[in-house]
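# Sequence plus the predicted model coming up.
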Amino acid sequence: MEAKYFLKGEILFEEGRKDDLAFVIKKGTVTLSKSVHGGWSKNIATIEAGGIIGEMALIDNQPHSVTATATEDGEALILTREEYLN
């Protein structure tokens, strides 16, 4: 797994975007938000160190159902679908 450093406000992945990455949060926090009526978004979870985000993209190979935004500087390990399947 490759390390990724992120800054507060950085988007790790966006709702509706398809990729094959999951993130294991080592340091910092990430907020997950979902689009709602009128173009607004609603925060649905805050993930702290030790949490995993984006894992459904590895399992079902579908677009992300939420947007993940760093709420403070941090570090994550990136797990690709290929690594997950092997």
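Sure thing, it's come through.

# what pairs with the closest residue in space to residue 23 that isn't next to it in sequence across the strands?
What sits nearest to residue 23 in space, not counting adjacent residues and going by C-beta to C-beta, 6 or more residues apart in numbering, is residue 76, at 4.1 Å. Backbone N, C-alpha and C define where each C-beta goes, glycine included. Judged by DSSP bridges, the bridge partners of residue 76 are residue 4, residue 25.

# Could you do residue 43 as well?
residue 33.

# Quick one: residues contacting it.
Contacts for residue 43 (C-beta atoms under 8 Å, 6 or more residues apart in numbering) come out as 31-33.

# For residue 31, see how far away it is.
In this view, residue 43 and residue 31 are 5 Å apart by C-beta to C-beta, to the nearest Å.

# does the residue of the chain most remote from its centre sit in a helix, a strand or a coil?
Relative to the centre of the chain, and counting by C-alpha atoms, centre = their mean, the farthest-placed residue is residue 38 at 23.4 Å. Of the three states, residue 38 takes helix under DSSP: H, G, I helix; E, B strand; the rest coil.

# tell me the phi and psi of residue 82?
phi -60, psi -40 (degrees, to the nearest 10).
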